[in-house]
Each structure stands twice: as C-alpha cells, then as structure tokens.
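Student: Return atomic coordinates for the entry below.
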Amino acid sequence: MEKKLAEIINDYDQIIVGIGSEWNWIKSGIKEDERYTDILKYAKEDDNNKWLIPVIEFEYGYYHTDNRVDEAFRGLRKLIGQKNYFLVCDTFLQDAVFNGFDEDKSVFPCGTYRYLQTNDSDDELLDVTVCTEFTALVERLHSLITEKNGHLNGDESFNKPFYKGKSLYLNQKRPEYSNIKYNESAYLPNWDKYMNYLKGTMGKSLLVLELGVSLDYPTVIRWPFEKVTFVGDKTHLIRVHERLYQHTPEIENKTDSIKMNSVDFILQESEGL
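Tutor: Now for the predicted structure:
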C-alpha cells in the first residue's frame, strides 16, 4: 500500500467496511483471564453445557471493556469522515455503534448480545435486560468470578433461562447453537439497507475495507467482498489480517493484502487524527 489509508479513502466515493474476529476482545480477553478457566472447561467438556459459553462471554463483556479497540473504532470513524459508508460486522459486538458509527449504516448478520430468542424463530425476541432469569444467571457467573476467583467446587449446575415454557438463548448464529434455529428478525431490516447500498455503488468508485475477518463466517464478508471487488470496475479491496490476509488471483490487480493485525493497522493509520 503506497499511500496512507486516509489518502486512499479520499480517492473513493463510497466505502464498505467489514469487521471480523480480530476485533473480538471478549474472546481474547477471556482466554487470558485465568478466573474463567474452570467455568469454560465446565461448559466445553459436556455438550449439554455448551449453551453456557455465550452467557459467560456476555458476563465478561458486560463487566469489561477494551480501550484499545474503542480507540481503533473512533480512529476508523475519523478516517472515514464524511464519506458515504456502510459497515458489516460478523462478530456479536456493537462497539462500532458505541464509538461513532451510525446504527442505520451498520449491520450485524450473526447477531449481537442485545436480544434473547427461543428455538422457535416465529417467537418474539426479548431484550436481555428484561429477562430476570437471564440477568440472574449473569449475576451468578459474575459472583463466581469475583468472589470465588472462578473456582468450581465440582457440584455446580446451571439452568437455562426460560420464557413461556421455552428455553432462551442469546440471539446469535454460532457453533454452540448448532441445534438452535437462528432468529434473523433483528438484523434483516438493516441487511435490506445494506443490499440497497450495494446497488447504489454500481458505476461509482468503491473502497472495500476488510479488517480482521476470519473464515468463521466466510459467506457474510470475505467471499461477498471478493465478489464485489471482482465485479466492480472502480472497486478496490484492502484486506488486513495477521494470518488470513491472502486474496484470490482474480482480483490481484484490485487488492492490497496487508499482513498485520487490523486493530493495530487502524490505530497506526489514524494516529494524529
């Protein structure tokens, strides 16, 4: 990449930003916190307990923050400035919205930590804050971490929260919920806006900025971004990732592949703004 990112952004009419797992500070933070070792082991070793993993992550995210990621999002927003943009995120974190991005111009196709759902996709979504069984479970996990340093005595058991006789799960598309039908109602309105935004990029210069996107959900960002780049005559892709920075040969002349942690990249490129 010969120019600074700010200069490149200035050259394009529109921008699509893709945010991936390198920005998921909850997963990385839990792994580094020894207090979560026992409860994660408990949840992972028995298939019947895997439903608890997303709740553990919710607890961690509720009581922690990552100033570095917040700073990176604020820096990214400054880099984009007044340019017409849309943001797509395949993690469950809405940090972009909390740090200056417009919620109407952002979509989270894999879900968020905002809602609960049943296994029936026709049922209404519940806000996590109004379900007392869920909040009680989160508080129990928090007490285990803070008061017992995360140590289990061997006879603990955890029950799923219920609503109208049905088990509740976080409204997320994830491996632990492989047997749960994902309720898409929360993100679909903004997905429609994103599709309309894509239609509006035809014939215009478009920068596709892919940051830290893994192969967890390749049909959400990676593969569609490659297709958009291939089809668009005035489209350029910047792909940044520590390991998965490679691109397909078909878009060789329309892609900058950068081997670097994407959060570090944005902090570097936005320094001084």
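Student: could you point out the longest helix in this protein?
Tutor: Of all segments of type helix in the chain, defined using DSSP state H, the longest is helix 132-147.
Student: what's in contact with that one?
Tutor: Here helix 132-147 makes contact (CB atoms under 8 Å, 6 or more residues apart in numbering) with 35-36, 39, 55-56, 58-59, 62-63, 116, 128-129, 150, 152, 158-159, 161-163, 168. (Glycine included, C-beta is placed from N, CA and C.)
Student: average pLDDT across the helix or strand hosting residue 192?
Tutor: Assessed by DSSP states H and E, residue 192 sits inside helix 188-199. Averaging pLDDT along helix 188-199 gives 97.
Student: can you check stretch 33-40 too?
Tutor: On average, the pLDDT along stretch 33-40 is 96.
Student: What is the end-to-end distance of that stretch?
Tutor: 11 Å (CA to CA, to the nearest Å).
Student: Just the buried residues of it, please?
Tutor: Neighbour counts over stretch 33-40 (16 or more other CB atoms under 10 Å) mark 36, 38-40 as buried.
Student: same check, this time on stretch 192-212
Tutor: In stretch 192-212, counting by 16+ other CB under 10 Å, buried: 194, 197-198, 201, 206-212.
Student: roughly how far is it from the heart of the chain?
Tutor: Here stretch 192-212 shows a centroid-to-chain-centroid distance of 18 Å under the convention CA atoms, centre = their mean, to the nearest Å.
Student: How about the contacts made by the closest residue in space to residue 158 that isn't next to it in sequence?
Tutor: Distances taken as CB to CB, 6 or more residues apart in numbering put residue 52 closest to residue 158, at 5.6 Å, once the chain neighbours are dropped. Each residue near residue 52 by CB under 8 Å, 6+ apart is listed here: 39, 42-43, 158.
Student: So what are the sheet partners of the lowest-mean-pLDDT helix or strand in the chain and their directions?
Tutor: For the chain, the helix or strand with the lowest mean confidence is strand 162-163, at a mean of 90 (criterion: mean pLDDT, DSSP states H and E). In the sheet, strand 162-163 lines up against strand 166-167 (antiparallel) (DSSP bridges).
Student: on contacts alone, who are the packing partners of the next helix or strand after the partner strand?
Tutor: Following strand 166-167 in sequence order, the next helix or strand is strand 169-172 (DSSP H and E). Helices and strands touching strand 169-172, by 3 or more CB pairs under 8 Å, 6 or more residues apart in numbering; DSSP states H and E, are helix 52-63, strand 111-117.
Student: buried stuff in the longest one?
Tutor: Spelled out, that is helix 52-63. 52-62.
Student: TSV please, covering the residues you listed and showing distance to residue 97 and pLDDT.
Tutor: Listed next are the buried residues of helix 52-63 as TSV, based on distance: CB to CB, whole Å; pLDDT from 0 to 100:
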residue	distance to residue 97	pLDDT
52	27	96
53	24	97
54	20	97
55	22	98
56	23	98
57	18	98
58	17	98
59	21	98
60	19	98
61	14	97
62	16	97
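Student: residues contacting residue 185?
Tutor: With CB under 8 Å, 6+ apart, residue 185 has these contacts: 121, 125.
Student: which SS class is it?
Tutor: coil (DSSP: H, G, I helix; E, B strand; the rest coil).
Student: how about the helices of this structure, start to end?
Tutor: Using DSSP H, helices in the chain cover 5-10, 25-32, 37-45, 52-63, 67-80, 95-98, 132-147, 188-199, 222-231, 262-269.
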